[in-house]
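In: prediction below, plus the sequence it came from.
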Number of protein chains: 2
Amino acid sequence: MAEPQQKLFKAQTLKGFRDYMPELMAPRQQMIRRIEATFERHGFQPLQTPALEYLETLAGKYGEEGDKLLYRFQDHGERHVALRYDLTVPLARVVAEHRNEIQLPFRRYQVAPVWRADKPQRGRFREFFQCDADIVGVNSAIADAETLITGLAVLQTLGIDGAVLHLNHRDVLFGLIAAAGVTEKAQQIACVRAIDKLDKLPPVAVVAEIVAGGMDAAVAERVVAQFQDGGVTLDAVAAQLTDQSSLERVRQVLALVTAAGLGERIVFDPTIARGLDYYTGIIYETRLTDPRVKGIGAVMSGGRYDGLIGLFTKESIPAVGISLGLDRLLAALQELELVPKDAHAVQVYVTVFGESEAATAIAVAGDLRHVGMRTELDLAGGKLGKQLERASKRGARLAVLIGPDEAAAGTVVLKDLRDGAQQTVTRANLPAVASVLLQV
Amino acid sequence: MAEPQQKLFKAQTLKGFRDYMPELMAPRQQMIRRIEATFERHGFQPLQTPALEYLETLAGKYGEEGDKLLYRFQDHGERHVALRYDLTVPLARVVAEHRNEIQLPFRRYQVAPVWRADKPQRGRFREFFQCDADIVGVNSAIADAETLITGLAVLQTLGIDGAVLHLNHRDVLFGLIAAAGVTEKAQQIACVRAIDKLDKLPPVAVVAEIVAGGMDAAVAERVVAQFQDGGVTLDAVAAQLTDQSSLERVRQVLALVTAAGLGERIVFDPTIARGLDYYTGIIYETRLTDPRVKGIGAVMSGGRYDGLIGLFTKESIPAVGISLGLDRLLAALQELELVPKDAHAVQVYVTVFGESEAATAIAVAGDLRHVGMRTELDLAGGKLGKQLERASKRGARLAVLIGPDEAAAGTVVLKDLRDGAQQTVTRANLPAVASVLLQV
């Protein structure tokens, strides 16, 4: 490697993948920490699962389309493996595998990348991060409400005011389709897929899609009419359903979320369909109402999936969860100007006068770091002006100057980079004086 | 999915992979946060790179052995790709690819999993986490020292007292081998590989290994004698070397680290060899001296690699870095009893008397979470005794009881789970009273 390389390797990220450079990564990480702290405030504990799973664990859990998007290969032991597609199926696997260690109800959160070989487009990547919080082991309205409250609290913590959670129930959705005269399961599922697009396509296009799937036009129109406009009320829907239990669950969840003071953040919306196959109870998506970020799509979604864990163990174990789209959330925060510009910015910049002063400079930097200040030591050298320029570029508010006189006297010059004011302080007093200036 | 599954899927993690359950993950995450904060205090910024890279980016950078351990496959677009093997080569790729956005010197850190299809054994996994901090763009003793100081500060932050950094320089290593009479490059490299084992094998076994590689026994003995016992001094080594510049760099780095008050944490050790091919300057490993954790191996290692970025871009860009082994560090912290037992433990447990009190309970939990308390709401129900048992299992220090009388009166009973003392407080006062009790 000491010899010069003949041919350069091409420096490129894979299509659909990206580097998070510090400007983006610093606020992103701050956001993740706040999300995790909120999960913890709500009693959720961290869990981490491997990036790779047996293909058998993941295959067939995400529908036909999802199956195609799995990154799969054979490992060195010729095992068929796949990269994690979401955090929910691995959680189900964990609960079944570690059943004896886990105390139910089990609340866990996980923040981790998932991989889908999807067609990349603006805002859609092949590697992206999910933040999930789930409650395993209870099927009750209060467990449903707890997950929704946790998710809404995350949005509140991040400063997002205009978020509305659109709540539905899978049985309400299927009940309304059945009430329109569609009784065959496959046809019902085709209707669900079409209904899911009502927020993007005009009703006539959704009708056309159902008809294209081989259904009668009159039936298709009746189906779509069931869901027309978001204002469909609980009472109107109740009149259509033969079994009221799913709607009763929706009412209970709404009441509990309202009791938590979040009544304005949740609405019943029978058009919510959710793509994944594994949902069995409440399903929901959360949309941002601020016109600046309306196009960003659902920032939080999820639902109840009481059958999934049962694919891995004979015991029937219900579960409900939320999933936050980290990158969508960050995009929203940036658009709403809620991202602090100086996340992780350097606070103090220690300049280095020359080689003889390097040891003193490094020791002074150590003193500042020791009291918790984000401190950068100049490494590129050169004239003081150049060093102070770099200090400003790094966002530093204070600079420390140590010439030969100061080094000999045990003092430093502390310069406030906002107004240029400078003062000479002893090394012993520097951390305290700098700390006061940073608080101004 | 509503239909019962005929055959259960087997719930199992892949060999060499593991789930981090909350008991392990909570302290681990706390440790990661403290490491990241230390990196930031030293002026490093977060960067994140994708898990998948072009195979071409990674292949050939880790030596023959490393190449075999790469998880590689063809993606849906038939591109040859591989999972990240370390964080250093991706950093080199990033610097070359984003050269125009990056201000040099560039200090970045990254905490992320890497994958190696290695033979799993106790403490060695195929997926493991690295924490790296690197300084790109400067080749100077002060940059070398800054990375070492940062790494030692991390160990100090974590409470690890007995850590010693063994510092060497690649040219010192090769110089000593050359001085013993081995002049051919391939033979020198074979000697380096053997010398690397001096801390595990007796000298005679190392001599045998060099001889097995086809070298003369007398030369092999001379080579090993150069490195015998760790007490080889700087002066003794200086007498052997024709070029003193590498040793001069070692002296400067030692002086700067000593100036930062860390002189007792660093020693010169010419036997340090490091496996990876890309090092060009200082190289080092950090060992724990406490007898309880001696077997854990190097918890932090790294070195200077001035040629690596040049594989991706014509510009010559020097770099130096540290890499912390997260799982080894956690194992050490556990062994040294430095892991706080109650990381992320629940603080307050809100019991639920019955369905009619659920709304009040959920609202009270919200009040506590709002002021930042880690609060869990009971979801499994049943008798109060059962609920309080679960509260204790979750490590809660306080429990909140709300019966029909309290719900009607706007009060709650606050129970201290340490001594069983309980008091009735108004809902409005609860957060303040609970906060005082938690601080006792």
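Out: Yep, it's here. Numbers count the residues shown, from 1 in each chain, chains lettered A, B, ... in the order given.

In: and chain A, what are its domains?
Out: Taking automatic domain parsing as the reference, chain A has its domains at A:22-335, A:348-439.

In: with distance to residue B:377 and mean pLDDT added, can I get those in JSON lines?
Out: Glycine gets a C-beta too; all of them are placed from N, C-alpha and C. Formatted as JSON lines, these follow (distance: least, Cβ to Cβ, whole Å; pLDDT from 0 to 100):
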{"stretch": "domain A:22-335", "distance to residue B:377": "6", "mean pLDDT": "93"}
{"stretch": "domain A:348-439", "distance to residue B:377": "35", "mean pLDDT": "95"}
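
In: winner for burial among those?
Out: domain A:22-335 (a mean of 19; mean count of other Cβ atoms under 10 Å in any protein chain shown).

In: which parts of the stretch 51-200 of chain A are helices?
Out: A:55-58, A:63-69, A:88-97, A:141-157, A:170-179, A:185-195 (DSSP state H, counting those that start in this stretch).

In: export these as a markdown table, with columns for distance to chain B.
Out: A markdown table is the format used below for the helices of the stretch 51-200 of chain A (distance: least, Cβ to the nearest Cβ, whole Å):
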| stretch | distance to chain B |
| --- | --- |
| helix A:55-58 | 6 |
| helix A:63-69 | 8 |
| helix A:88-97 | 4 |
| helix A:141-157 | 5 |
| helix A:170-179 | 9 |
| helix A:185-195 | 9 |
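
In: show me the contacts for the closest residue to chain B within the stretch 201-350 of chain A.
Out: Sorted by distance to chain B under Cβ to the nearest Cβ, the residues of the stretch 201-350 of chain A start with residue A:259, at 3.6 Å. Residues counted as contacts of residue A:259 (Cβ atoms under 8 Å, 6 or more residues apart in numbering or on different chains) are B:358-360, B:362-363.

In: try it again at 6 Å.
Out: Residue A:259 makes contact with B:359, B:362-363, according to Cβ atoms under 6 Å, 6 or more residues apart in numbering or on different chains.

In: which of those are close to chain A?
Out: Filtering the contacts of residue A:259 for proximity to chain A by Cβ under 6 Å from any Cβ of the partner chain leaves B:359, B:362-363.

In: in strands, which of those residues appear?
Out: Per DSSP state E, strands hold no members of those.

In: find the nearest non-adjacent residue to the residue nearest to the spatial centre of chain A, please.
Out: In chain A, the centroid-proximal residue (Cα atoms, centre = their mean) is residue A:326; its distance is 2.6 Å. Excluding the flanking residues, the one nearest residue A:326 by Cβ to Cβ, 6 or more residues apart in numbering or on different chains is residue A:129, at 4.1 Å.

In: got it, and residue A:93?
Out: The shortest distance from residue A:93 to any non-neighbouring residue, by Cβ to Cβ, 6+ apart, is to residue B:11 (4.8 Å).

In: burial count for the one you found?
Out: Residue B:11 is flanked by 19 other residues according to other Cβ atoms under 10 Å in any protein chain shown.

In: wait, doesn't it sit right on residue A:96?
Out: Yes - shown here, residue B:11 and residue A:96 form a contact pair, counting by Cβ atoms under 6 Å, at 3.7 Å.

In: need the residues touching each of these two.
Out: Contacts common to residue B:11 and residue A:96, judged by Cβ under 6 Å, 6+ apart, are residue A:312.

In: I'd say residue A:313 and residue A:96 touch.
Out: Yes - with contact defined as Cβ under 6 Å, residue A:313 reaches residue A:96; the gap is 3.9 Å.

In: still on that earlier bit, what bridges to the residue nearest to residue A:326?
Out: residue A:113 (DSSP bridges).

In: what residues does the stretch 1-150 of chain A have near chain B?
Out: When proximity is defined as Cβ under 6 Å from any Cβ, the stretch 1-150 of chain A approaches chain B at A:1, A:5, A:9, A:11, A:14, A:17, A:19-20, A:22, A:25-26, A:29, A:40-41, A:43, A:45-50, A:52, A:56, A:73, A:76, A:93-94, A:96-97, A:105, A:117, A:127, A:138, A:142-143, A:146.

In: same thing with the stretch 151-300 of chain A?
Out: Contact residues, the stretch 151-300 of chain A versus chain B (Cβ under 6 Å from any Cβ): A:256, A:259-260, A:277-278.

In: okay if I get these as TSV plus distance to residue A:308?
Out: Converted to TSV, these look like this (distance: Cβ to Cβ, whole Å):
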residue	distance to residue A:308
A:256	24
A:259	29
A:260	27
A:277	9
A:278	5
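
In: of those residues, which pair is most distant in space?
Out: A:259 and A:277 (32.2 Å; Cβ to Cβ).

In: ok so, going back, nearest to residue B:133, of the helices of the stretch 51-200 of chain A?
Out: Here helix A:141-157 is closest among those (Cβ to Cβ), at 28.9 Å.

In: how far off centre is the helix or strand encompassing residue A:238?
Out: Element membership of residue A:238 [criterion: DSSP states H and E] is helix A:234-240. Distance of helix A:234-240 from the chain centroid (Cα atoms, centre = their mean, to the nearest Å) equals 34 Å.

In: list the contacts of it.
Out: Helix A:234-240 is contacted from outside by A:176, A:179, A:247, A:268, A:270, using Cβ under 6 Å, 6+ apart.

In: how about a cut-off of 7 Å?
Out: For helix A:234-240, the surrounding residues in contact (Cβ atoms under 7 Å, 6 or more residues apart in numbering or on different chains) are A:172, A:176, A:179, A:226, A:244, A:247, A:251, A:268, A:270.

In: how far is stretch A:386-401 from where the chain is centred?
Out: A distance of 34 Å separates the centroid of the chain from that of stretch A:386-401, by Cα atoms, centre = their mean.

In: can you tell me if that stretch touches chain B.
Out: Yes - Stretch A:386-401 is in contact with chain B by Cβ under 7 Å from any Cβ of the partner chain, via residue A:393.

In: neighbouring contacts of that stretch?
Out: Under Cβ under 7 Å, 6+ apart, the answer for stretch A:386-401 is A:342, A:345-351, A:364, A:376, A:378, A:380, A:384, A:412-418, A:434, A:437-438, B:103.

In: for stretch A:85-94, same thing?
Out: For stretch A:85-94, contacts defined as Cβ under 7 Å, 6+ apart pick out A:47, A:49, A:53, A:57-58, A:61-62, A:66, A:70, A:84, A:108, A:110, A:112, A:114-116, A:130, A:132, A:134, A:305, A:308-309, A:311-312, A:321, B:11, B:19.

In: looking at those, which are in strands?
Out: Taking DSSP E, the ones among the contacts of stretch A:85-94 that sit in strands are A:53, A:108, A:110, A:112, A:114-115, A:130, A:132, A:134, A:321.

In: redo those as JSON lines? Include distance to residue B:389.
Out: Shown next, in JSON lines, are these (distance: Cβ to Cβ, whole Å):
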{"residue": "A:53", "distance to residue B:389": "35"}
{"residue": "A:108", "distance to residue B:389": "21"}
{"residue": "A:110", "distance to residue B:389": "27"}
{"residue": "A:112", "distance to residue B:389": "32"}
{"residue": "A:114", "distance to residue B:389": "37"}
{"residue": "A:115", "distance to residue B:389": "41"}
{"residue": "A:130", "distance to residue B:389": "33"}
{"residue": "A:132", "distance to residue B:389": "28"}
{"residue": "A:134", "distance to residue B:389": "23"}
{"residue": "A:321", "distance to residue B:389": "26"}
